[in-house]
Each structure stands twice: as structure tokens, then as C-alpha cells.
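Novice: for reference, the sequence and a predicted model appear below.
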Amino acid sequence: MKQAIHPSKHTVIFMMGVSGVGKSTIGALLAKQLEVPFFDGDDYHSKANISKMSKGAPLTDLDRHDWLHALNALATQQLKTNSCIIACSALKESYRTILETAIEASTKWIFLHGTFQQIKERLQHRNHHFMTSDLLQSQFDTLEIPQNALQIDIHLSPKEMVTEIQKSLPIKTQFGLIGLGVMGKSLSRNLAQKGVRISMYNRHVTEVEEDIAINFKKEFKELASALPFDVLPDFVKSLETPRKIMLMVNSGSAIDAVIENLLPFLSQGDSIIDGGNSNYNKTKERFDFLKSKGIHFIGVGVSGGEEGALKGPSIMPGGDIKAYQQVQPFLELIAAKDKNGAPCCSYIGNEGSGHFVKMIHNGIEYVEMQLLADVCTVLKAKGNTSDQIADIFEQWKPTTNSYLLEITSTILRKKEGDDWLVNKIMDTAGNKGTGNWATIATAELGVPSTLIASALFARYTSFYKAERVAASKQFNSENITVPKISIEDLHNAYQFARIINHYQGFKLIQEASEHFKWALNLSELARIWTNGCIIRSDYMIELVTTFKTTNNLFAHKNTIQALKTRKSAIKKVVSECVLIELPIPSLSNAIHFFNNITTANSSANLIQAQRDYFGAHTYQRKEDDTGQFYHTDWKLNEPEKPTAHGNTSN
Ligand code: NDP
């Protein structure tokens with residue numbers, strides 16, 4: 001069931017102590033930090049009281065009676081809508097009883113204390129203060145030290161006092177973020193802009209990473225009420241329970257290190273959300289480990305990069321559904337919205353399914369990027385400048401728009417001096433591992449997502465720069481020919497390959513869903529990929545409807561029609577590129593895969609025969625539909641009747 005985000009319970013904080021302890025200064029500072037109103041009790045005295053005090057005469061209990069009731073009324077009124085801080089000396093227990101009448105459960109007391117000498121010296125430094133030593137002594141005499149107050153020693157600096165107070169305040173934050181790198185910072189700002197009270201933590205590494213959270217908070221006004229930390233236990237204490245803590249740290253050992261450091265301070269029922277690009281197998285392991293400790297673990301794929309994380313990413317949460325429901329309102333609040341205004345965040349499934357689909361999202365992304373790179377290769381070979389290629393992409397937008405097409409257009413137009421910046425970039429493409437994992441996953445699951453592998457290996461090949469330069473001198477044709485490819489054919493080939501890419505990506509997800517029993521919903525997945533994420537596109541919007549009728553794109557009439565219409569174009573484009581030695585790894589892979597998957601009788605019969613020859617791996621026969629396996633002694637000259645080998649093959 002969907003929950004709303006409830007603000008933390010409202011609280012009135014009375015900041016008390018004798019005159020001169022700094023109630024107003026600390027109260028105002030704390031109020032600013034918590035973004036709640038601050039009231040100085042002295043502003044609520046009657047004219048008579050003010051005149052009496054300014055003459056240096058002490059107030060009697062009778063003088064204070066109406067004033068204390070006025071402050072109680074103020075607190076009661078504030079509690080209806082907000083927390084607040086009220087500075088008031090409240091020296092006697094009886095005064096405090098009036099102040100908290102009927103609101104005891106929502107009242108917190110903070111007692112600022114110091115020595116007589118300390119406070120006297122402070123007062124002497126204040127101009128125009130009416131408090132004499134005698135009056136101060138009378139305050140110390142009157143003071144009944146509260147038993148239920150948080151005691152703060154005024155020898156601390158104001159900043160230290162506020163930090164001390166925050167640690168034990170009942171006003172807890174609602175959501176915690178660990179790791180203030182690119183993504184953590186953007187997500188923190190996104191949450192704060194949506195009104196969520198957050199705590200932010202970044203590790204302290206002396207002389208390398210110092211005051212990251214404090215300095216970050218200072219940079220953005222929306223973080224005014226966010227609490228910054230570089231001490232982990234303090235960060236944890238600042239969060240309301242059950243705690244919701246999102247990790248935006250690098251995947252791998254950093255996640256385990258943070259979890260290990262966090263664990264001693266967590267309580268049963270708290271949730272850790274891993275928003276990084278973690279491996280889905282590790283997510284399952286962490287899920288099981290933390291379950292044994294009573295801690296929920298939710299593996300969340302987040303897509304959209306720095307800007308998406310700030311303005312609204314696409315979010316793919318996986319794990320225990322009940323634990324997810326605790327964090328659901330927060331994730332939905334910060335997620336991008338689809339064309340109907342629904343959040344691009346949806347529970348994916350059990351275990352590491354959230355991270356699995358994010359990994360495949362990245363695999364699809366690798367291919368979409370490589371296809372655009374392939375298209376640019378052809379257009380460049382046709383003699384187009386970067387600006388002209390961008391112009392062509394602009395013309396494709398009405399029929400083929402996508403986030404990646406848009407940014408590629410922008411990238412292509414960027415100039416540095418007389419040349420386009422893209423021409424100055426070293427042609428060796430990096431990666432952070434998700435394409436690698438997606439390729440491993442597709443191999444492990446036995447699904448032919450060949451395009452992801454083609455795009456990944458294209459990046460790997462790019463890294464062999466020196467070898468490529470040397471080989472180009474050895475093998476490239478001397479006569480460079482302009483490809484005889486029309487823009488229209490190239491556009492159709494590009495669209496064809498994108499369909500194959502989406503077919504393969506979703507097929508891999510569907511197969512994983514069946515293998516791991518995740519019951520994934522492809523239409524819903526396509527929906528949360530229609531905005532916020534890197535692979536958002538008009539085609540993705542179309543797939544939301546397509547996957548409502550089938551999980552197999554190749555069984556859908558629109559797909560069949562689109563592929564039939566564009567088949568001749570991709571054949572022309574790829575053939576021509578092969579002839580003139582233009583590398584287009586993903587475009588060419590798309591048509592090769594297509595030719596394979598649409599072949600009713602493949603060459604795999606020969607593979608089976610070869611396997612049976614050298615390894616006795618057996619084979620099945622076309623005329624026998626029982627599934628029976630056979631073995632043949634291939635070296636005998638005489639035809640031999642094959643022997644049946646049960647129903648399994650190795
Ligand atoms: P950054 O490198 O910018 O930030 C990483 C953060 O993790 C830093 O705050 C760093 O702290 C912290 N960190 C690293 N190691 C440790 C450790 N051992 N203990 C505590 N904290 C540690 O990464 P991003 O923000 O780009 O990425 C974070 C995660 O999000 C990654 O898994 C990434 O793959 C994923 N992601 C990134 C996207 C992007 O576009 N950048 C998009 C989608 C997902 P310190 O500053 O002290 O080093």
C-alpha cells in the first residue's frame with residue numbers, strides 16, 4: 001500500500017538557562033539549522049515587566065505568570081503546524097510546568113549551563129545589558145536544575161553546541177544519504193528540494209576528504225535544513241527509526257566496507273538502500289547477510305546521471321517488497337515522472353532484480369551509444385562535418401527521438417577553437433563494468449544478446465590504440481572510398497538495429513525473470529524507462545503498449561512490419577561498409593543476429609555432429625520428436641545404426 005511521507009512529529013524545544021548563557025544565540029542557530037521558527041521568550045514580556053527589568057529589579061513569580069502562559073500558548077499554537085524553538089530562562093520547575101502545560105509529550109528541554117564566573121565575564125562584554133552581578137547571583141540562587149533536560153556545557157563553541165544538541169534531538173531526519181560524490185550530491189539536493197529532511201554523510205580522510213558534507217551543505221540553499229556529518233554514529237543517530245539509509249558509493253568493496261561500519265549502529269527493521277551500480281549477485285548475498293541481522297536491504301538501480309539524479313532519475317528498486325514499501329514514498333517523490341505524471345519508479349522484484357535490470361539498461365545503453373557512433377562513422381565517411389551530422393540527427397528526431405540522439409547532436413556541435421571538440425577526444429572508450437557484467441549474465445543465462453557484447457567489445461577494441469594504428473598501416477586499403485549509402489537507408493538501418501537491441505535486452509530480462517522466478521513486468525519496466533534514464537526514447541514509450549500484449553517483440557505485428565520495411569536498408573548499409581572497410585560493429589551485428597534468428601534450418605546440426613565426433617556429446621534427430629539423444633561412431637566406414645542415449649545431452 002502506498003504511504004504518504006509524514007513529517008517528523010512536531011516538537012517544541014525550550015532552550016533554558018540563566019541570563020547570559022547564550023540561549024538566544026544557540027536557539028537561533030539551531031532553528032536555522034533545523035529550518036524551524038525561533039522565538040525569543042524575552043520578546044513576549046509585558047511592558048510592565050520590561051520596565052521593571054530595565055530598572056534592574058527582579059521579576060516576581062506573579063510578574064512571570066502571564067508571560068509563561070503566553071509562551072505556553074505560543075508553543076501550543078506552533079505545534080499545530082511546525083516544530084519550534086523558544087528561548088526562555090525557565091529557572092524554576094514551576095515555571096517549566098506552566099510552559100509545558102498540555103504539551104508535555106511534545107516538549108524537549110535543553111539546559112545551557114556554565115559557571116557563575118564564566119557567565120559574568122560574558123555579560124561584562126555585552127553592551128547595555130541590565131544584568132548586574134547581584135541579579136546574576138539571584139538567578140543562580142533561583143535556578144532549579146532540570147532533571148529531564150539535555151545539558152549542554154557552554155564552554156563548547158556555538159557550532160559544537162548545536163551539533164551536540166542535534167545528536168539527541170527528537171526532531172530526527174527522515175532519510176539518510178551516504179557518499180556525496182556525483183550521484184549522492186544530486187540525489188541529496190533532489191530530496192531536499194522535495195521537502196524531505198535529510199542527513200548527509202561523507203567519510204573523512206585527513207587532508208584528502210575533509211568537511212565534504214559541511215561544505216556541500218553551504219553551497220546550496222535547499223540544503224539549509226539538511227544535517228551534514230562525517231562521523232558515522234552521529235549520522236545514524238540523527239535519523240528517525242526505522243532508518244532509511246541510501247548508499248551512493250562506488251560498487252564493490254566500498255559497499256561492503258560501508259555496511260560493515262554502519263551495522264553496529266543500526267537497529268532491527270532499519271533499511272539500507274544500495275543505489276549504486278552493484279552486481280546483482282552481490283546484492284542477493286548482501287540481502288541474505290543483512291536479513292540474518294534483521295536489517296532490510298534494497299538494491300536500487302538509478303539511471304539518469306548527475307542531471308537525472310537532481311531533476312528526477314528513473315529508479316529500479318528490488319528486494320523485499322515490505323521493506324521497499326518503507327522507502328517507496330521517498331523514491332517515488334524524487335523519481336522522474338512519465339507522460340501521465342506517474343513516477344518512473346516501480347518495484348521490480350525480489351533479490352537483486354533491481355540491479356539486474358539496471359545492468360541490462362546499461363547494456364542497452366552501450367548499444368544505443370555504439371549505434372550512434374556507427375552511424376557517425378558512415379556519415380563522416382560520406383564527408384559530413386560534425387555540424388552537418390548534427391543537422392541530420394535533428395531531422396531524425398520527429399521519428400526516432402531519444403535522449404542519446406539529442407545529446408549526441410549537442411555534443412557534435414560543440415567547438416573548441418576552429419575544430420569540433422569531439423575530433424580532439426582520444427578514441428579509446430572507457431567503461432565502469434556494467435556492460436561487462438551484462439555480457440557475462442547473457443552468457444550465463446544462455447541468451448544471445450549479441451549486441452551488448454558487440455558494443456562492449458567495440459569499447460575494448462578501441463583501447464588497443466597503438467595496435468590499431470599499426471594494423472591500419474598494414475591492412476587498410478589505400479584508396480578510401482565514399483560509401484554509397486543514402487541518408488534514408490542509414491536512418492532505416494539505425495532504426496532496424498535499435499529494434500534488435502531492444503528485442504535482445506528485453507528478451508534477456510524476460511529469460512532472467514523466468515530463471516530466477518522474479519515475475520518481472522516488461523511493460524512496467526519500459527514505462528519507468530520512458531523518462532529520467534539514459535535510454536529514454538519515443539520507441540521506449542511505444543514499447544510500454546507493445547509489452548502489454550506480448551513479452552516477445554518478434555511476435556508483435558508492429559515489430560514484424562518495422563523490421564520487414566527496414567531489412568533491405570540495413571543489408572545495403574552493412575554490405576557497403578564491409579566492402580569499403582568501415583567498422584560498424586553494432587550495426588553489422590544487428591543484421592547478422594537477425595539472419596541467425598530468422599533461419600529455420602541453421603548450421604547447428606553440423607556443430608552437434610562435431611561435438612558428438614570428438615566428445616560423444618550425442619545429438620537429437622529431426623525425424624524423432626521424442627527428444628531422444630543418439631551417438632554415432634563417426635570413424636566407421638560402414639554406415640552404423642546410431643545408438644540411443646537417453647534423454648540428456650552433455
Ligand atoms: P563518485 O566517485 O562521484 O562518488 C563515490 C562516493 O563514494 C564518494 O562520496 C566517495 O567518498 C564514496 N566512497 C568511495 N569509497 C568509499 C568507501 N570505501 N567508504 C566510504 N565512502 C566511499 O561516484 P558516483 O556518484 O558517480 O557513483 C556512485 C554510484 O552510483 C556508483 O555505483 C555508480 O556506478 C552509480 N551510478 C553512477 C552514475 C553516474 O552517472 N555517475 C549513474 C548511475 C549510477 P570520497 O569522496 O571520500 O572518496
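Specialist: Received it, and whenever you're ready, just let me know what you need.

Novice: what's residue 412 in contact with, if anything?
Specialist: With contact set as Cβ atoms under 8 Å, 6 or more residues apart in numbering, residue 412 has these partners: 376, 386, 387, 389, 390, 393, 420, 422. No exception for glycine: its C-beta is placed from N, CA and C like everyone else's.

Novice: taking those together, which two end up most distant?
Specialist: Using Cβ to Cβ, the contacts of residue 412 reach their maximum pairwise distance at 393 and 420, which is 14.0 Å.

Novice: return the residues in contact with the closest residue to the ligand within the stretch 551-650 of the chain.
Specialist: Taking Cβ to the nearest ligand atom, the ligand has its nearest neighbour within the stretch 551-650 of the chain at residue 586, 21.7 Å off. Shown in contact with residue 586 (Cβ under 8 Å, 6+ apart): 367, 370, 371, 374, 451, 454, 455, 458, 497, 501.

Novice: highest neighbour count among those?
Specialist: residue 367 (33 neighbours; other Cβ atoms under 10 Å).

Novice: quick one, grab the pLDDT at that residue.
Specialist: Residue 367 carries a pLDDT value of 98.

Novice: relative to residue 82, how far out is it?
Specialist: Relative to residue 82, residue 367 is positioned 51 Å away (Cβ to Cβ, to the nearest Å).

Novice: now swap in residue 25 and tell me
Specialist: Note on residue 25: its distance to residue 82, by Cβ to Cβ, is 21 Å.

Novice: could you identify the helix or strand that succeeds the helix or strand harbouring residue 72?
Specialist: When elements are assigned from DSSP states H and E, residue 72 belongs to helix 61-79. Note on helix 61-79: by DSSP H and E, the next helix or strand toward the C-terminus is strand 84-87.

Novice: give me the sheet partners of that following strand and which way each runs.
Specialist: Strand 84-87 sits in its sheet next to strand 12-16 (parallel), strand 38-40 (parallel), going by DSSP bridges.

Novice: okay, the ones you listed in JSON lines with mean neighbour count and mean pLDDT next?
Specialist: Conversion of the strands paired with strand 84-87 to JSON lines gives the following (neighbours: other Cβ atoms under 10 Å; pLDDT from 0 to 100):
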{"stretch": "strand 12-16", "mean neighbour count": "27", "mean pLDDT": "95"}
{"stretch": "strand 38-40", "mean neighbour count": "18", "mean pLDDT": "96"}
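
Novice: okay, the ones you listed in JSON lines with distance to the ligand next?
Specialist: Compiled in JSON lines, those are given as follows (distance: least, Cβ to the nearest ligand atom, whole Å):
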{"stretch": "strand 12-16", "distance to the ligand": "32"}
{"stretch": "strand 38-40", "distance to the ligand": "33"}
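
Novice: ok, residue 302 touching residue 315?
Specialist: Yes: using Cβ atoms under 8 Å, residue 302 is in contact with residue 315, at 5.7 Å.

Novice: so for the residue of the stretch 51-200 of the chain found nearest the ligand, what's the pLDDT?
Specialist: In the stretch 51-200 of the chain, the residue that lies nearest the ligand is residue 181 (1.7 Å; Cβ to the nearest ligand atom). Per-residue pLDDT puts residue 181 at 96.

Novice: how about the one 3 residues further on?
Specialist: Confidence at residue 184, expressed as pLDDT, is 97.

Novice: OK, contacts around it?
Specialist: 177, 178, 200, 202, 248, 249.

Novice: helix or strand: which one has it?
Specialist: helix 182-193.

Novice: now tell me what touches stretch 391-408 from outside.
Specialist: The contact list for stretch 391-408, computed with Cβ under 8 Å, 6+ apart, reads 365, 368-369, 372, 376, 379, 384, 390, 409, 412, 487, 491, 494-495, 498, 533-540.

Novice: pull the contacting residues for residue 432.
Specialist: residue 277.

Novice: quick check: which element contains it?
Specialist: Going by DSSP H and E, residue 432 is not in any helix or strand.

Novice: from residue 616, how far off is it?
Specialist: 43 Å.

Novice: please apply the same query to residue 488.
Specialist: For residue 488 relative to residue 616 (Cβ to Cβ), the value is 53 Å.

Novice: centroid residue for the chain?
Specialist: Centroid-nearest residue in the chain: residue 302, 3.9 Å away (criterion: Cα atoms, centre = their mean).

Novice: residues touching that one, list them.
Specialist: With Cβ under 8 Å, 6+ apart, residue 302 has these contacts: 183, 187, 275, 276, 309, 313, 314, 315, 316, 358.

Novice: how about 10 Å then?
Specialist: Residue 302 sits next to 183, 186-187, 246, 248, 273-277, 308-309, 313-317, 331, 334-335, 345, 354, 358, 532-533 when contact means Cβ atoms under 10 Å, 6 or more residues apart in numbering.

Novice: part of a strand, is it?
Specialist: Yes: assessed by DSSP: H, G, I helix; E, B strand; the rest coil, residue 302 belongs to a strand.

Novice: that older thread, which SS class is the residue of the stretch 551-650 of the chain closest to the ligand?
Specialist: Assigned by three-state DSSP, the conformation of residue 586 is helix.

Novice: so what's it scoring on pLDDT?
Specialist: Listed pLDDT for residue 586 reads 98.

Novice: out of everything not next to it in sequence, what's closest to it?
Specialist: Distance criterion Cβ to Cβ, 6 or more residues apart in numbering; nearest residue to residue 586, sequence neighbours excluded, is residue 370 at 4.2 Å.

Novice: same check, this time on residue 326
Specialist: Closest to residue 326 by Cβ to Cβ, 6+ apart is residue 271, at 5.7 Å.

Novice: what sits against the one you found?
Specialist: Counting by Cβ under 10 Å, 6+ apart, residue 271 makes contact with 242-246, 290, 295-298, 319-320, 323-324, 326-327.

Novice: looking at these, state which has the most neighbours.
Specialist: Within the contacts of residue 271, most neighbours by other Cβ under 10 Å means residue 319, with 32 neighbours.

Novice: can you pull up the bridge partners for it?
Specialist: With DSSP bridges as the rule, residue 319 is bridged to residue 298.
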